[in-house]
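Asker: just the structure for this:
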Amino acid sequence: MRSRAPARKSLHHLQTASMLVSAGAVLAVGGPAAQSAMGATTGVQAAPCPAESVYSMTASQASACGLDAYPVQSESALSDGGTDYVYDVDGNELDYPVPPPGFDPLTASNSELSLFMIPPRPDSSDSSAYAEWVRDWGNVTIATPPSSLIVDTRLTASPANENWSGYVDTSATTFTGALSVWSQPTLGPSACTNSLGFIWDGIGGFNSDRLAQDGTIMTTDASFTNGQGWTEVLPDQPSIVDQNIVAHAGDGFEGKTNWSTNYHGRDAYTFGLHDLSTGAYVPLADYTTTHDTTSDEAIAEDEQFLTSAYPMPNFGGLFFSQVQEIVNSGNWKAMVTAGAINSYWNGHKLTSVGPLSTAQGTSSYNYFTDTYTACD
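Answerer: All right, here's what the predicted structure looks like:
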């Protein structure tokens, strides 16, 4: 594997130098009624705004910040008594399934778990795997969907961003699952100011411009919220979709991306963003006809700012404690054949990726550490 991935359409690109405005998130609070002040905002010019949650802003504040809001289009009943909230983001349908009151992952059927993008419950005979699953999912709180999904139009796809750092697996033609668990870093001092980067897992994008991913922001720029959760499907959505979840420094966070040809009978990427420390969880389905399943990734990404780098945040040693994948329609397994890539800018090495190691006592997942070396 080369030290840098080939040219590809990747995650983000800040649109203009003046667009230094805030984005944020809320945890499992608010809902369609509570968020009624948020209305659709399109075609606006960005202006300075408070570094607060996008889901606590009024419509005029969101408009001033250059954020677009896409309201709930419809609600439909799910087979288990829950509710599916349907959004239309630039002509693409996104569904946010919410279980009924009293939903308990510990007693739910595997079909119910799948409906909310929760991994199947291991058999109790595998005491280690079962205990780990109960630890992760026993306290889950599915966030109430907002009345509008917020798209951060300041952050849009760049076709030339090669600043990935982590592991990419291209050993199969059909990856249908990518999962990573990381510790949201405490950002350290740096010679660079207003740094901005991303931590994510994803499917595709290494060999094409089609990429599905979810993750968190890491930034020292007060215009953005450090730890903001987001999803994105390229090329359907040229900007990230903020989700109402935020990872605080030190929180364990799980990002999960799956490709399905039969989610409610249709092709869709499904996402699960899970703060393992607080239990907050966001499930989301993004219907699409465009996809690439020839790679999967676990990545820390430097941002590009127009023709020069947006500095890499000093994330110290970013620990990916769990990295898994699904090939074809199999089970979750370790990403054993992945190759390491480091992030460079103008010949400067920004990161140093450690070896991909198999967790002791299990062959189902790997771990690695991505170490910051320079901001630009």
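Asker: hey, let's count contacts and neighbours off CA atoms from now on
Answerer: Will do.
Asker: quick check: the closest residue to A340 other than its chain neighbours vs D275, distance?
Answerer: Counting by C-alpha to C-alpha, 6 or more residues apart in numbering, the nearest residue to A340 once its immediate chain neighbours are dropped is Y167, at 4.6 Å. Counting by C-alpha to C-alpha, to the nearest Å, the gap from Y167 to D275 is 22 Å.
Asker: same question for S114.
Answerer: Between S114 and D275 the computed distance is 18 Å (C-alpha to C-alpha).
Asker: show me which of the two is the more surrounded one.
Answerer: D275 (28 against 13; other C-alpha atoms under 10 Å).
Asker: low-confidence regions, the stretch 201-350 of the chain specifically.
Answerer: 304-309 (pLDDT under 70).
Asker: now the stretch 1-150 of the chain
Answerer: Checking the stretch 1-150 of the chain against pLDDT under 70 turns up 1-53.
Asker: in space, what's closest to the residue positioned nearest the centre of the chain - neighbours in sequence excluded?
Answerer: For the chain, the residue nearest the mean C-alpha position is D214 (1.7 Å; C-alpha atoms, centre = their mean). Spatially, and ignoring its direct neighbours in sequence, D214 is nearest to T231 (4.3 Å; C-alpha to C-alpha, 6+ apart).
Asker: that's a strand at the one you found, yeah?
Answerer: Yes: according to DSSP: H, G, I helix; E, B strand; the rest coil, T231 belongs to a strand.
Asker: would you mind measuring from it to D221?
Answerer: 20 Å.
Asker: who's more crowded, the two?
Answerer: Remark: of T231 and D221, T231 carries more neighbours, 26 against 17, as counted by other C-alpha under 10 Å.
Asker: residue contacts, that one?
Answerer: A212, Q213, D214, G215, I240, V241, D242, Q243, F271 (C-alpha atoms under 8 Å, 6 or more residues apart in numbering).
Asker: neighbour-wise, which one of those residues leads?
Answerer: G215 (34 neighbours).
Asker: isn't that residue right up against L273?
Answerer: Yes: using C-alpha atoms under 8 Å, G215 is in contact with L273, at 7.3 Å.
Asker: tell me, what's touching these two both at once?
Answerer: Joint contacts of G215 and L273 (C-alpha under 8 Å, 6+ apart) are G229, G255.
Asker: which residue lies farthest from the center of the chain?
Answerer: The outermost residue of the chain relative to its centre, with distances by C-alpha atoms, centre = their mean, is S125 at 32.2 Å.
Asker: circling back: bridged to the residue nearest to D214, which residues?
Answerer: D214, V241 (DSSP bridges).
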